[in-house]
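Undergrad: Sharing a sequence plus its predicted fold:
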Amino acid sequence: MNAYNFAYLDEQTKRMIRRAILKGLAIPGYQVPFASREMPMPYGWGTGGVQVSAAILTPEDSFKVIDQGADDTTNAVSIRTFFERTAGVETTTKTSEASVIQTRHRIPEDPLIEGQILVYQVPIPEPLRFLEPRESETRKMHSLEEYGLMHVKLYEDISRHGHIATAYAYPVKVEGQYVMDPSPIPKFDNPKLGDMAAIQLFGAGREQRIYALPPYTNVVSLDFEDHPFEASKADHPCGLCGAIDSYLDEVIIDDAGGRMFVCSDTDYCENRQAAGHKGKDAA
Amino acid sequence: MTPLLSVQSITKRYGPHVGCADVTFDLFPGEVIGIVGESGSGKSTLLNCMAGHLVPDTGKVVFDTRTDGPRDTIAMSEPERRMLSRTDWAFVHQHARDGLRMGVSAGGNVGERLMAVGERHYGDIRNKATDWLARVEIDETRIDDRPTTFSGGMQQRLQIARNLVTGPRLVFMDEPTGGLDVSVQARLLDLLRGLVRDMGLSAIIVTHDLAVVRLLADRLMVMKSGRVVEAGLTDQVLDDPQHAYSQLLVSSVLQV
């Protein structure tokens, strides 16, 4: 495969992205601007994550891609195939065997270990964007740590719904400094962001921002004293593997109101089924 | 007595045009100063320079801070100035839409300044918001409605509540009654007068409506072409104007 440079991007571009990543790691939670390239996929399909992955992949890496926790959905399959073709790296669906995991909207259920890298695809990196449309103003708010507005959003949630109804892209504060959008992961995953052994990199292609969490970073989900943060999930066991501690997808299975809950992390679910666990809907 | 705000020879030019030139005055605690003048006389430029929205070319704006005593707010760092503008200062815009977050409920609008200074207890914020809505005569059942559903007068009162919730000591007002019909104006002025007296606020009110300053201001400055042409006690200036322009201004008021 010589038509492309290793992992598609040219070496100068990768150096530029690596510099942005290093800066991001040095200032956890800070959004580093970078010169995002056009990728052979539409914006919104993970162009940011793909560029970050391309910049950090080595020929020895083992690469895994998940989309909403699943290894076998369109986005995951196409990105995995992309790097199989352009980088020739080994790919896997096993969380424990992967050295680089690109993810859309989930953190794997199995705890990650030192040496692994988790790459997030980020649609809108600016947590304050829908509250304050001016980029010049949000940058100033970040640099002066003026985050009162973020709580206005949570206040609005409580006043309208009686509880903090934000269920994904739940804002976090990193090392007591920057407020960060953890990409649209469910808030169930928020507690895993902090003190993680793996490196976490966030790439937003259209918005041209990279940010990062080095291993064992302090990450706190924002909340009110009388309405504390709560990591929520559907109150059911997994229909296939019976797990009660994993994040679940609700799947409609017929047109008569039938539905089942299954683990969104397919690898986790398969491992449990292989180990003999069985849910009530398992065939 | 230390002045709360001491403005020293403020000059602001827009290229060859003079915004305001060489304005100097002191504002003492509990005092309300009115600034009147025709459109383009530099009233708003002066107000924006004092409130930190514009940087004047020359001059000082010395504010008597709670912790460190008199400080030049133009020379202080931006975080300090912004902190000041959401704690000890308040700014009431002419158009309520400029001062409110139209996509956020009334309660959220009032609570924003509280959250900005570190309040993190939902119940407390909610109670204070309810209390302040009552003080500006907005029914508390409207607390979760957006300002877009409010009338112009209600929006203006909500803006005032949002500004006063942190107990500021100095309020800048830019034509607070502009664009409101006269009966709503009267009610708003009554409310403002009550709040200023109850809270012992100092205020600088920019307006071209002489009735507003007659009702609210202790002292008055008349501006023309960027300069203060006359200053003195409100009643004195309005009843016995000395400068030709002040005389013109006073005589131009329609008598009903």
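TA: Yep, that arrived.

Undergrad: Paired strands for the helix or strand in which B:I35 is found, with orientation please.
TA: Applying DSSP states H and E as the criterion places B:I35 in strand B:32-37. Strand B:32-37 has the following sheet partners, assigned by DSSP bridges: strand B:202-206 (parallel), strand B:219-224 (parallel).

Undergrad: Let me know the average pLDDT across the shortest one.
TA: In this case it means strand B:202-206. For strand B:202-206, mean pLDDT rounds to 94.

Undergrad: just the longest one next, same as before
TA: For strand B:219-224, the mean per-residue pLDDT is 94.

Undergrad: Need phi/psi at the residue in the stretch 1-150 of chain A positioned nearest to chain B.
TA: Closest contact between the stretch 1-150 of chain A and chain B, by C-beta to the nearest C-beta, is at A:G148 (2.9 Å). (Each C-beta comes from the backbone N, C-alpha and C, glycine too.) For A:G148, the backbone dihedrals are phi -60, psi -30 (criterion: degrees, to the nearest 10).

Undergrad: Quick one: residues contacting it.
TA: Neighbour list for A:G148: B:R86, B:E112, B:R113, B:L114, B:M115, B:A116, B:V117 [criterion: C-beta atoms under 8 Å, 6 or more residues apart in numbering or on different chains].

Undergrad: Which single one of those is nearest to chain A?
TA: Using C-beta to the nearest C-beta, the contacts of A:G148 come closest to chain A at B:A116, 2.9 Å.

Undergrad: quick one: pLDDT of that closest one?
TA: 91.

Undergrad: Any chance of the contacts of A:G148 in a markdown table with secondary structure, neighbour count and distance to chain A as columns?
TA: Shown next, in a markdown table, are those (DSSP: H, G, I helix; E, B strand; the rest coil; neighbours: other C-beta atoms under 10 Å in any protein chain shown; distance: C-beta to the nearest C-beta, whole Å):
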| residue | secondary structure | neighbour count | distance to chain A |
| --- | --- | --- | --- |
| B:R86 | helix | 19 | 8 |
| B:E112 | helix | 25 | 5 |
| B:R113 | helix | 20 | 7 |
| B:L114 | helix | 24 | 8 |
| B:M115 | helix | 22 | 4 |
| B:A116 | helix | 19 | 3 |
| B:V117 | coil | 13 | 7 |
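
Undergrad: Format the strands paired with strand B:32-37 as JSON lines; extra columns: distance to A:V219 and mean neighbour count.
TA: Below are the strands paired with strand B:32-37 laid out as JSON lines (distance: least, C-beta to C-beta, whole Å; neighbours: other C-beta atoms under 10 Å in any protein chain shown):
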{"stretch": "strand B:202-206", "distance to A:V219": "43", "mean neighbour count": "25"}
{"stretch": "strand B:219-224", "distance to A:V219": "53", "mean neighbour count": "23"}
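
Undergrad: circling back: what residues of the strand holding B:I35 count as buried?
TA: B:V32, B:I33, B:G34, B:I35, B:V36, B:G37 (16 or more other C-beta atoms under 10 Å in any protein chain shown).

Undergrad: Including distance to A:Q68 and pLDDT, could those go into TSV?
TA: Below are the buried residues of strand B:32-37 laid out as TSV (distance: C-beta to C-beta, whole Å; pLDDT from 0 to 100):
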residue	distance to A:Q68	pLDDT
B:V32	60	93
B:I33	61	95
B:G34	61	95
B:I35	59	95
B:V36	63	93
B:G37	62	88
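
Undergrad: can you redo the residues you listed as TSV with distance to A:L193?
TA: Shown next, in TSV, are the buried residues of strand B:32-37 (distance: C-beta to C-beta, whole Å):
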residue	distance to A:L193
B:V32	51
B:I33	52
B:G34	54
B:I35	52
B:V36	56
B:G37	56
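
Undergrad: Can you tell me which of those residues comes closest to B:D131?
TA: B:V32 (23.8 Å; C-beta to C-beta).

Undergrad: from what I can see that closest one touches B:R193, true?
TA: No: counting by C-beta atoms under 8 Å, B:V32 stays clear of B:R193, with 9.1 Å between them.

Undergrad: residues from the stretch 51-200 of chain A in reach of chain B?
TA: A:L131, A:L144, A:E146, A:G148, A:L149, A:H151, A:V152, A:Y155, A:E156, A:I158, A:S159, A:R160 (C-beta under 8 Å from any C-beta of the partner chain).

Undergrad: Now compare the residues you listed and name the two farthest from each other.
TA: A:L144 and A:R160 (28.7 Å).

Undergrad: And the strands in the stretch 1-150 of chain B, which stretches?
TA: Remark: strands assigned in the stretch 1-150 of chain B by DSSP state E, counting those that start in this stretch are B:5-14, B:17-27, B:32-37, B:58-65, B:69-72, B:89-92.

Undergrad: and those as CSV, adding distance to A:F229?
TA: Output for these, formatted as CSV (distance: least, C-beta to C-beta, whole Å):
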stretch, distance to A:F229
strand B:5-14, 42
strand B:17-27, 45
strand B:32-37, 45
strand B:58-65, 35
strand B:69-72, 38
strand B:89-92, 32
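
Undergrad: looking at the ones you listed, which is closest to A:C263?
TA: strand B:89-92 (52.6 Å).

Undergrad: Report the contact partners of A:E135.
TA: A:E126.

Undergrad: er, A:A165 I mean
TA: A:D157.

Undergrad: mind showing which ranges of chain A have poor pLDDT?
TA: A:1-2, A:283 (pLDDT under 70).

Undergrad: Need the residue closest to the centroid of it.
TA: A:Y120 (3.9 Å; C-alpha atoms, centre = their mean).

Undergrad: Within the sheet, what are the partner strands of the helix or strand where it lies, with directions?
TA: Per DSSP H and E: A:Y120 is located in strand A:117-121. Strand A:117-121 has its sheet partners listed here by DSSP bridges as strand A:100-104 (parallel), strand A:199-204 (parallel).

Undergrad: now the longest one: how far from the chain's centre is it?
TA: Centre-to-centre, strand A:199-204 and its host chain are 8 Å apart (C-alpha atoms, centre = their mean, to the nearest Å).
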